[in-house]
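Participant: Would you be able to build a 3D model of this:
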Amino acid sequence: MSKNNISVSREKCVGCGLCLKACPFGAISLKDKTAVIDLAKCTLCGACKEACKFGAIEINKPKAVKKDFSQYKNVWVLIEEEEGNIASVSFELLGKARQLACSRKSKVVAVYLGTDLEKKISQLYQRGADTVLAVDHPRLCHYIAENYAKVIVHLAVKYKPEIILAGATTTGRSLVSRIAVQANAGLTADCTGLDIDQESGLLVQTRPAFGGNIMAQIITPNHRPQMATVRPKVMQEAVPDPEAKGKLITEKVDDSFFDDRIRFLEFIKEEAYKVNLAEADIIVSGGRGLGEAKNFKLVEDLAEALGGAVGASRAAVDSGWIPYSHQVGQTGRTVAPKIYIACGISGQIQHLVGMQSAKVIVAINKDPEAPIFKVANYGIVGDLFQILPMLTRQLKEAGKE
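Facilitator: Model (predicted):
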C-alpha cells in the first residue's frame with residue numbers, strides 16, 4: 001500500500017478504463033495499460049474503486065480518532081450590524097438557532113461585538129437569544145475582520161460552542177473563514193437549510209453544489225464548533241417577543257487582540273446599496289428574454305409603477321445589460337420580497353435559489369415549458385414586449401384615480 005493511501009495493483013489492473021470514466025476529477029490516466037493516479041488531483045472519493053471490477057485499486061483512509069465533544073454546547077449567532085443597526089440577517093439566524101437549540105436542548109447565544117451595545121441588546125432577547133455574549137471596546141467600533149476573528153476565537157475556546165452561525169454577507173464570509181482556520185473547525189458556506197440529525201445530533205448543512213444542480217448535505221463529525229453561513233432572506237426572521245428577557249455576559253479584551261498594522265479609513269457604499277434588493281417588497285426582474293440592454297427600460301418602468309426594485313438574471317448581467325448589483329440568484333443576491341415578477345427569465349435552478357422564498361411569484365414568458373412556471377403562483381404566457389407596457393400603463397392609470 002502506498003503511503004499516499006491509494007494504490008493500483010499492476011497484477012490485477014487490465015487497463016479497461018472503467019476507473020477513468022468513473023473519476024469525477026480527471027485524476028486517472030492509462031500508461032502501459034495500467035491505471036496511473038495523479039495524487040495532486042485525487043481526493044480519495046472512492047469512485048474509482050467502486051467502478052473497478054478486478055479489485056485493482058486499494059484505498060486506505062486513516063480512521064478518525066474519536067474525540068470527546070461533550071463539553072461543547074449551545075448555538076451561537078454572530079451578530080452583524082448595518083449602519084449602526086442590527087442587520088436583519090442576524091434576526092433570521094436567531095430564529096433558526098432557536099429551532100436548532102430546541103433539538104439539542106441547549107441555549108441560543110448571540111455574540112455581539114462593537115461599541116455602545118447596551119441599548120440594542122434587548123432586541124436580541126426579543127428575537128430568541130437566551131444569552132448575549134457582548135464585547136464592547138472602542139477599537140471594535142468599525143468592523144475589521146482580523147480583530148473580530150481573534151476576539152471570537154478567544155471566546156469560542158473559552159465557552160466551547162457546539163454550533164456557530166453567521167450571515168453569508170461580505171462581513172460574515174470574511175469573518176467566519178478566519179475563525180474556522182484559527183479554531184480548526186469545519187465550515188459550510190451559503191447554506192439554504194440547517195437541521196439536526198436526530199440520531200447523531202450533528203448539524204446537517206444543506207447547500208447548492210455543482211452549479212446549483214444538486215443540493216448537498218454536509219456534516220462535520222470530527223471537529224467543533226460546527227460552522228455555517230446562511231444567505232440573507234433564505235430564512236424567516238424570528239418573531240419579536242417584547243416581554244422576552246435573557247442573560248448578559250460581558251467580556252473584556254485588551255489591546256493584544258488588535259492588529260496595529262490594520263486601520264479603518266473609510267466605508268464606501270457599493271452600488272448594490274442603492275438598489276437595496278434585499279429589503280424590497282416588490283422586485284421586477286429581467287432576463288435573457290429582453291433581448292438587449294435598452295429593453296430593460298420596460299422592467300424599470302414597471303418597477304417604478306409598483307414602487308419596487310429592479311432585479312436581473314445572471315444571463316442579463318453577463319451580457320452587460322445591467323450591473324451585477326441587480327443580479328438575483330446563486331451567484332448574486334438572495335431575496336424574499338412579497339412579490340417577485342420574472343420577465344423573460346427561464347427559471348434555471350441557479351436563479352430559483354435566489355428568489356424562491358418570495359411570497360408571490362409572477363412569471364411572464366413566451367415559452368409555456370419554461371421552468372419558472374413550476375414555481376410561479378401566477379404565470380402569463382405571452383410576449384413581454386406587449387405585456388409589460390400594458391401592465392405599466394394600467395398601474396399608472398389606476399394610480400391617478
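Participant: just the strands in the stretch 301-401 of the chain please.
Facilitator: Ranges of strands within the stretch 301-401 of the chain are 309-312, 339-343, 360-365, 378-381, based on DSSP state E, counting those that start in this stretch.
Participant: May I see these organised as CSV, with mean neighbour count and distance to Gly354 added?
Facilitator: Just so you know, the C-beta spots here come from the backbone N, C-alpha and C atoms, and that holds for glycine as well. Below are the strands of the stretch 301-401 of the chain laid out as CSV (neighbours: other C-beta atoms under 10 Å; distance: least, C-beta to C-beta, whole Å):
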stretch, mean neighbour count, distance to Gly354
strand 309-312, 28, 9
strand 339-343, 27, 10
strand 360-365, 22, 12
strand 378-381, 15, 19
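Participant: TSV for those, including distance to Lys233 and mean pLDDT?
Facilitator: Below are these laid out as TSV (distance: least, C-beta to C-beta, whole Å; pLDDT from 0 to 100):
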stretch	distance to Lys233	mean pLDDT
strand 309-312	12	92
strand 339-343	11	95
strand 360-365	14	94
strand 378-381	21	94
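Participant: Can you tell me which of those is nearest to Ser325?
Facilitator: Taking C-beta to C-beta, strand 309-312 is the member of those nearest to Ser325, at 9.4 Å.
Participant: Going by contacts, tell me the helices and strands next to that closest one.
Facilitator: Here strand 309-312 touches strand 282-286, helix 296-306, going by 3 or more C-beta pairs under 8 Å, 6 or more residues apart in numbering; DSSP states H and E.
Participant: residues in contact with the shortest one?
Facilitator: When you say that, I think you mean strand 282-286. 277, 295-296, 298-299, 302-303, 306-313, 316, 321-322, 328, 335, 337-345, 355, 358 (C-beta atoms under 8 Å, 6 or more residues apart in numbering).
Participant: which of the residues in stretch 174-192 are buried?
Facilitator: 175-180, 183, 185-192 (16 or more other C-beta atoms under 10 Å).
Participant: do the same with stretch 231-243
Facilitator: Going by neighbour count (16+ other C-beta under 10 Å), the buried part of stretch 231-243 is 231-235, 237-238.
Participant: Out of these, which comes closest to Arg393?
Facilitator: Lys233 (31.0 Å).
Participant: In the beta-sheet assignment, what are the partners of the nearest residue to His326 once chain neighbours are set aside?
Facilitator: Leaving aside its chain neighbours, His326 sits nearest to Ala312 (4.4 Å; criterion: C-beta to C-beta, 6 or more residues apart in numbering). Taking DSSP bridges as the rule, Ala312 bridges to Gly286, Gln327.
Participant: Now do the contacts for Ala312.
Facilitator: Listed by C-beta under 8 Å, 6+ apart, the contact partners of Ala312 are 285-287, 296, 321-322, 326-328, 332.
Participant: Now, of those residues, which are buried?
Facilitator: Among the contacts of Ala312, those scoring as buried are 285-287, 296, 321-322, 326-328, 332 (criterion: 16+ other C-beta under 10 Å).
Participant: can you list the domain ranges for this protein.
Facilitator: 6-59, 75-257, 272-400 (automatic domain parsing).
Participant: Against the centre of the chain, work out the most remote residue.
Facilitator: Glu11 (47.5 Å; C-alpha atoms, centre = their mean).
Participant: how far away is that one from Lys158?
Facilitator: Distance of Glu11 to Lys158, computed by C-beta to C-beta, to the nearest Å: 56 Å.
Participant: can you put the helices and strands packed on strand 309-312 in TSV and add distance to Asn5?
Facilitator: Listed next are those as TSV, based on distance: least, C-beta to C-beta, whole Å:
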stretch	distance to Asn5
strand 282-286	48
helix 296-306	53
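Participant: Quick one, which of those gets closest to Lys53.
Facilitator: From the helices and strands packed on strand 309-312, taking C-beta to C-beta, the stretch that ends up closest is strand 282-286, at 49.9 Å.
Participant: Contacts for stretch 243-263, please.
Facilitator: Identification of contacts with stretch 243-263 by C-beta under 8 Å, 6+ apart yields 121, 124-126, 128-137, 139, 144, 146-147, 150-151, 154-155.
Participant: any weak-confidence spans in the protein?
Facilitator: Scanning the chain for pLDDT under 70 picks out the ranges 1-4, 62-65, 210-213, 268-275, 399-401.
Participant: still on that earlier bit, with distance to Ile164 as new columns, can the strands of the stretch 301-401 of the chain be given to me in TSV?
Facilitator: Shown next, in TSV, are the strands of the stretch 301-401 of the chain (distance: least, C-beta to C-beta, whole Å):
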stretch	distance to Ile164
strand 309-312	31
strand 339-343	31
strand 360-365	33
strand 378-381	40
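Participant: which one of those strands lies closest to Thr169?
Facilitator: strand 309-312 (18.0 Å).
Participant: okay, that closest one in CSV with CA atoms only?
Facilitator: Only the C-alpha atoms of strand 309-312 are listed here, as CSV (Å, rounded to 0.1, in the frame of the first residue of the first chain):
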residue,chain,number,x,y,z
ALA,A,309,-36.7,47.4,-7.2
VAL,A,310,-35.1,46.1,-10.4
GLY,A,311,-33.5,42.7,-10.5
ALA,A,312,-31.9,40.6,-13.2
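Participant: can you pull the buried residues of stretch 108-120?
Facilitator: Neighbour counts using 16+ other C-beta under 10 Å place 108-114, 117, 120 of stretch 108-120 among the buried residues.
Participant: Specify which member of these is nearest to Ser29.
Facilitator: Val111 (48.9 Å).
Participant: From Asn60, how far out is that closest one?
Facilitator: 40 Å.
Participant: For the residue lying closest to Pro240 once chain neighbours are set aside, grab phi and psi.
Facilitator: Counting by C-beta to C-beta, 6+ apart, Pro240 lies nearest to Gln126, which is 4.4 Å off, once chain neighbours are set aside. Main-chain torsions, Gln126, degrees, to the nearest 10: phi -60, psi -30.
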